[in-house]
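Asks: What follows is a predicted protein model with its sequence.
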Amino acid sequence: MSKEKYMELAITLARSTIGQTSPNPSVGAVVVKEGQIIGMGSHLKAGKEHAEVYALDQAGDQSVGADIYVTLEPCAHHGKTPPCANLLVERKVKKAYIATVDPNPKVAGKGIEILRNAGIEVEVGLMEEEARKINEMFFYYMNHKQPFVTMKAAMTLDGKIATASGDSKWITSEQARADVHQERARHDAILVGANTVKHDNPQLTVRLPQGGKNPIRVILSTKLSIQADRHVLNHEAPTWIVCGQQADAEAFQKKYPHIKVIQMDTDEMELEEVLKALGEHGIQSLYVEGGSRVHHSFLEKQLFQECHWYIAPKLLGGADAIPVIGGKSPSKMADALDVTIDSMEQVGTDIKIIARPKGG
Ligand SMILES: Nc1c(/N=C/[C@@H](O)[C@H](O)[C@H](O)COP(=O)(O)O)[nH]c(=O)[nH]c1=O
Ligand SMILES: [Zn+2]
């Protein structure tokens, strides 16, 4: 097999654990000697061994003089497990193919330095694009210290997310909604506004036959005005509520001790500050499910990295129906935000479009 094929296998191993390794990146490793694969592994869960450890364990003493293909630079710091770079040296690996350098400025290049100083040949950048994509949200968070934001909306062909009376059940198909649950499971947290909680009473949990981790439910509610019967106040999944300075956080916290209240220091919440606060609380990726007013704030301030649009073959009509993105219209079309369409696919009877602001 070619070196690309071996790296492709490592990338498949990494891709298979997306969503289950947070706050760590998803990593895959393959050990090869004389054209034979003698070890492979993925990082399965934060706190567990790293991919290189599994792969080199399988290789045993065959690892002497072998090549290793790994999707992310071997770590050089003592986390919950000893540094992988030292393990590669110990196991006398001959050459390391590394797809991407660690994005964490504190450790970038340190692992490679250890390998090179020990005389291990290192080649960086093999299938870098594919490897970067796997941990794009992790890399974004490492560089910006605030969550990678995916804005998600489900709409009719004429761009409505609900009727004027607020009804929206359902717009998209079972398969599209299952796809949404998979995306939810990939994100650390899911955010909706108080309006969506009021009108939809969403559960915001991951309900898939194969299971999946429930993201933290983040509710924006300036005055902490959430009706007591709302699903998001139950114990199904962790819930954080972000409120304004004026809200009586103490009383709410006493009433709902299982809910984390993050109080901003302004009456009206500033989205930039909310994202910073979520970053400080370790949220690396945020799935914004709306509604239309919340989407408008993310658009207006360009605070999203990707948008996932699910478009159903339905025409609703009605100037008073709820649009995907609400708020006030810019006066000129030239003020529209240009995006690039990254992908377009059929999901059930619906179309899923992934787009991102031009210029990233
Ligand atoms: N109406 C629709 C959606 N609606 C999206 C939000 O308005 C809902 O409150 C939220 O997804 C409900 O979450 P749940 O209670 O956990 O199921 N989203 C979709 O993808 N398709 C739809 O047809
Ligand atoms: Zn490691």
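Replies: Great, that's in hand. Numbering: from 1, shown residues only. Ligands and ions are numbered 1, 2, ... in the order given.
Asks: these two touch, right, residue 311 and residue 350?
Replies: Yes. Counting by CB atoms under 8 Å, residue 311 sits close enough to residue 350 to count as a contact (6.0 Å). Heads up, the C-betas are built off the backbone N, CA and C, glycines and all.
Asks: Look at the closest residue to residue 109 other than its chain neighbours and report its pLDDT.
Replies: Spatial nearest neighbour of residue 109, excluding adjacent residues (CB to CB, 6 or more residues apart in numbering): residue 101 at 6.1 Å. Note on residue 101: pLDDT of 94.
Asks: Report the spatially nearest residue to residue 142, omitting neighbours in sequence.
Replies: Nearest to residue 142 is residue 103, by CB to CB, 6+ apart, at 4.4 Å.
Asks: Output the set of residues of the chain in proximity to ligand 1.
Replies: 154, 168-172, 176-177, 180, 196, 200, 202-205, 289-290, 310 (CB under 6 Å from any ligand atom).
Asks: which of those residues count as buried?
Replies: Among the residues of the chain next to ligand 1, those scoring as buried are 154, 168, 171-172, 176-177, 180, 196, 200, 202, 204-205, 289-290, 310 (criterion: 16 or more other CB atoms under 10 Å).
Asks: What is the most widely separated pair among those residues?
Replies: 171 and 205 (19.2 Å; CB to CB).
Asks: Just to check, residue 118 is in contact with residue 89?
Replies: Yes. When contacts are counted by CB under 8 Å, residue 118 is listed as touching residue 89 (4.2 Å).
Asks: Neighbour count for these two, which is higher?
Replies: residue 89 (17 against 14; other CB atoms under 10 Å).
Asks: Need the residues that contact stretch 341-360.
Replies: With contact meaning CB atoms under 8 Å, 6 or more residues apart in numbering, stretch 341-360 is reached by 154, 172-176, 179, 302, 304-313, 337-340.
Asks: Look up the closest residue to whichever residue of the stretch 251-360 of the chain sits closest to ligand 2, ignoring the ones flanking it.
Replies: Closest to ligand 2 within the stretch 251-360 of the chain is residue 284: 18.1 Å, counting by CB to the ion. Leaving out its chain neighbours, the residue that sits closest to residue 284 by CB to CB, 6+ apart is residue 141, at 3.8 Å.
Asks: Now for residue 304: which residues touch it?
Replies: 149-151, 288, 298, 357.
Asks: at 10 Å what do you get?
Replies: When contacts are counted by CB atoms under 10 Å, 6 or more residues apart in numbering, residue 304 touches 148-152, 275, 286, 288, 295, 298, 337, 339, 356-357.
Asks: Residue 32 too?
Replies: 1, 3, 5-6, 9, 38-40, 55, 59, 66-69, 95, 97.
Asks: Next, it: phi, psi?
Replies: phi -130, psi 140 (degrees, to the nearest 10).
Asks: now do the one 4 residues further on
Replies: The phi/psi pair for residue 36 (degrees, to the nearest 10) reads phi -110, psi 140.
Asks: Now do the same contact list for it.
Replies: 1, 62, 66.
Asks: Among the residues you listed, which ones are in helices?
Replies: Using DSSP state H, no member of these sits in helices.
Asks: Quick one, which of the residues you listed are buried?
Replies: Neighbour counting by 16+ other CB under 10 Å classes 62, 66 among the contacts of residue 36 as buried.
Asks: re earlier: and the residue of the stretch 251-360 of the chain closest to ligand 2, how many neighbours does it have?
Replies: Neighbour tally, residue 284, other CB under 10 Å: 25.
Asks: Residue 189 versus that one, what's the distance?
Replies: 9 Å (CB to CB, to the nearest Å).
Asks: and if you look at residue 202?
Replies: 14 Å.
Asks: overlap in contacts of those two?
Replies: Shared contacts of residue 202 and residue 189, counting by CB under 10 Å, 6+ apart, come down to residue 217.
Asks: May I ask which helix or strand encompasses residue 223?
Replies: Using DSSP states H and E, residue 223 maps to neither a helix nor a strand.
Asks: Quick one: residues contacting it.
Replies: 194, 243-244, 246-248, 252, 267.
Asks: can you check residue 23 too?
Replies: Residues in contact with residue 23, defined by CB under 10 Å, 6+ apart, are 46, 138, 141, 188, 282-285.
Asks: ok, now with 7 Å
Replies: 46, 282, 284 (CB atoms under 7 Å, 6 or more residues apart in numbering).
Asks: what's the closest of those to ligand 1?
Replies: Ligand 1 has its nearest neighbour among those in residue 284, at 21.3 Å by CB to the nearest ligand atom.
Asks: Might one say that the closest one is in contact with residue 136?
Replies: No. Using CB atoms under 7 Å, residue 284 is not in contact with residue 136, being 10.7 Å away.
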